[in-house]
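Asker: sequence plus the predicted model coming up.
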Amino acid sequence: MRIAINTGGGDAPGLNAVIRAAVLSARRRGWEVIGIRRGYSGLFGPGGIVSLNERSVRGIAHIGGTILGTTNRGSPFSFPVKQPDGSVKMEDRSDEAIERMRALGIDCLIAVGGDGSLRIASELAARGLNVIGVPKTIDNDLAGTAFTFGFHTAVQTATDAIDKLHSTAEAHQRVMVVELMGRHAGWIALFAGFASTADAILIPEIPHDPARVAERIEACWAEGREYAIIVVAEGAMPRGGEASYLDKPALGGGRRLGGAGKQIADRLEELTGHETRSLVLGHLQRGGRPIAYDRVLSLRFGTAAVELAEQGRFGCMVGVDPPLVHAVPLAEAIKTLKRVPVDGDIVRAARAMGISFGD
């Protein structure tokens with residue numbers, strides 16, 4: 001067989017480990033492997049297709065980012081094309097992409113990505129392309145898998161940062177508000193906030209009342225601990241309100257989330273009178289080396305994808321239902337976002353320990 005690999009959407013720790021595992025597994029079967037650079041963009045320009053072999057993936061499993069590059073604006077169904085006047089027009093180049101892959105003799109595409117990338121993969125599969133998906137997103141919001149690779153590393157990065165804030169918050173008797181990634185699902189905020197013993201965790205799944213968060217802060221002072229740590233997912237929203245958006249639109253149009261931490265920090269300072277500072281951890285959550293858990297999961301996913309290709313089980317996504325790696329139909333995996341269950345065991349455990357969700 002001749003297989004291709006691409007990585008799309010936002011980067012996540014573990015991408016290179018998936019590439020390494022898939023390439024080595026395929027090469028041991030005597031297969032040829034090529035990489036498509038920058039999602040699907042490499043299909044439309046020179047230098048976008050690269051050969052992958054044992055040498056090209058040597059020593060990359062522990063490195064963050066992706067040797068193939070990535071983009072979240074490279075869907076072949078809506079591809080940015082520069083016009084003669086300098087403007088950019090979105091065009092459907094999916095037929096061209098499929099023809100190009102067939103001309104390259106690709107028997108199977110291993111598409112590594114999150115919700116958006118796997119939707120593209122599912123549409124290509126519906127058009128007759130042999131596709132296998134690998135779930136990548138630090139948000140952990142893909143159905144069909146207990147965990148996506150990159151999530152645990154992002155949680156560890158966030159937890160380490162929040163741990164450091166405890167000492168400075170206590171030294172200055174401040175309220176520290178930390179904004180973490182999580183547009184529609186609060187998995188990172190929930191895990192990192194719980195692990196770092198935050199006083200309140202605000203997530204998109206549970207609309208919050210700032211007054212209830214203020215009550216928890218005042219309780220900290222009443223207990224003799226004159227500081228507080230509040231963890232906020234970027235998509236968190238006040239009860240009866242909406243998420244916080246930046247004035248600057250996203251490239252390609254659409255509203256860009258941002259400012260949730262600053263918004264709640266300003267309100268909490270008004271309500272409590274305690275000095276309150278906000279911090280946005282941002283893309284630090286995407287960077288750096290994958291921790292061992294994500295490395296192992298990525299390597300398992302990469303080899304499992306090649307096994308599915310060998311079995312001819314196309315149109316599937318690999319996933320993990322601990323302790324086993326399994327396969328689920330792509331259409332099922334992208335049907336709904338996996339959001340935090342508001343009555344789940346971690347939420348219940350956090351509440352039992354006195355952590356507020358602002359409701």
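Answerer: That came through fine. Residues are numbered from 1 along each chain as shown.
Asker: can you pull out the helices in the stretch 1-150 of the chain?
Answerer: Along the stretch 1-150 of the chain, counting by DSSP state H, counting those that start in this stretch, helices occupy 15-28, 94-103, 115-126.
Asker: show me the protein divided up by domain.
Answerer: Structural domains assigned to the chain are 2-149+290-322, 152-287+341-352, following automatic domain parsing.
Asker: need those in CSV (columns: distance to G358, mean neighbour count and mean pLDDT).
Answerer: Any C-beta I mention is one placed from the backbone N, CA and C, and that applies to glycine too. Below are these laid out as CSV (distance: least, Cβ to Cβ, whole Å; neighbours: other Cβ atoms under 10 Å; pLDDT from 0 to 100):
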stretch, distance to G358, mean neighbour count, mean pLDDT
domain 2-149+290-322, 20, 20, 95
domain 152-287+341-352, 3, 19, 93
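Asker: circling back: could you dump the helices of the stretch 1-150 of the chain to TSV with distance to T303?
Answerer: TSV is the format used below for these (distance: least, Cβ to Cβ, whole Å):
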stretch	distance to T303
helix 15-28	5
helix 94-103	23
helix 115-126	19
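Asker: closest to L281 out of the ones you listed?
Answerer: In terms of Cβ to Cβ, the element of the helices of the stretch 1-150 of the chain nearest to L281 is helix 15-28, at 19.9 Å.
Asker: can I get the closest one as CSV, trimmed to CA atoms?
Answerer: Provided in CSV are the C-alpha atoms of helix 15-28 (Å, rounded to 0.1, in the frame of the first residue of the first chain):
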residue,chain,number,x,y,z
LEU,A,15,1.4,14.8,16.7
ASN,A,16,4.9,13.8,15.9
ALA,A,17,4.6,10.6,17.9
VAL,A,18,1.5,9.6,15.8
ILE,A,19,3.5,10.3,12.6
ARG,A,20,6.5,8.3,13.8
ALA,A,21,4.3,5.3,14.9
ALA,A,22,2.3,5.2,11.7
VAL,A,23,5.4,5.5,9.5
LEU,A,24,7.3,2.8,11.3
SER,A,25,4.3,0.5,11.4
ALA,A,26,3.7,1.0,7.7
ARG,A,27,7.3,0.6,6.7
ARG,A,28,7.6,-2.7,8.5
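Asker: thinking again about what came up before, kindly reformat the domains of the chain as TSV containing distance to I334.
Answerer: Shown next, in TSV, are these (distance: least, Cβ to Cβ, whole Å):
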stretch	distance to I334
domain 2-149+290-322	5
domain 152-287+341-352	14
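Asker: indicate which one of those domains is closest to V328.
Answerer: For V328, the closest of the domains of the chain is domain 2-149+290-322, at 3.8 Å, according to Cβ to Cβ.
Asker: give me the distance between the two termini of the closest one.
Answerer: End-to-end distance of domain 2-149+290-322: 31 Å, with Cα to Cα, to the nearest Å as the criterion.
Asker: check stretch 244-258 too.
Answerer: When the termini of stretch 244-258 are compared using Cα to Cα, they are 6 Å apart.
Asker: show me what contacts A121?
Answerer: Going by Cβ atoms under 8 Å, 6 or more residues apart in numbering, A121 touches 109, 111, 113, 131, 133, 330.
Asker: in the chain, which helix is the longest?
Answerer: Ranked by residue count and defined by DSSP state H, the top helix of the chain is helix 151-172.
Asker: just name whatever secondary elements that helix is in contact with.
Answerer: The contact analysis (3 or more Cβ pairs under 8 Å, 6 or more residues apart in numbering; DSSP states H and E) places helix 151-172 against strand 175-180, helix 187-195, strand 228-233, helix 292-311.
Asker: got those as TSV, with distance to E99 columns?
Answerer: TSV is the format used below for the helices and strands packed on helix 151-172 (distance: least, Cβ to Cβ, whole Å):
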stretch	distance to E99
strand 175-180	42
helix 187-195	39
strand 228-233	41
helix 292-311	21
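Asker: of those, which approaches Y245 most closely?
Answerer: Counting by Cβ to Cβ, Y245 lies closest to strand 175-180 out of those; the figure is 13.4 Å.
Asker: now the closest one, how far from the centre of its chain.
Answerer: 20 Å (Cα atoms, centre = their mean, to the nearest Å).
Asker: please apply the same query to stretch 94-101.
Answerer: Relative to the centre of its chain, stretch 94-101 is centred 27 Å away, using Cα atoms, centre = their mean.
Asker: over to stretch 277-290?
Answerer: The chain centroid and the centroid of stretch 277-290 are separated by 12 Å, computed with Cα atoms, centre = their mean.
Asker: first-to-last residue distance for it?
Answerer: End-to-end distance of stretch 277-290: 29 Å, with Cα to Cα as the criterion.
Asker: likewise for stretch 190-204?
Answerer: End residues of stretch 190-204 are separated by 11 Å (Cα to Cα).
Asker: out of the contacts of A121, which is nearest to K262?
Answerer: G113 (30.4 Å).
Asker: can I assume that closest one is in contact with T7?
Answerer: Yes - counting by Cβ atoms under 8 Å, G113 touches T7, with 6.7 Å between them.
Asker: wait, isn't C316 in contact with L308?
Answerer: Yes - applying Cβ under 8 Å, one finds C316 in contact with L308, separated by 5.8 Å.
Asker: anything in contact with each of those two?
Answerer: 132, 327.
Asker: what is the orientation angle of the longest helix of the chain with helix 292-311?
Answerer: Relative orientation of helix 151-172 versus helix 292-311 (axes from the mean of the first three to the mean of the last three Cα atoms, to 10 degrees): 160 degrees.
Asker: next, the angle from helix 151-172 to helix 187-195.
Answerer: Counting by the same axes, to 10 degrees, helix 151-172 lies at 50 degrees to helix 187-195.
Asker: I appreciate the help and will end here.
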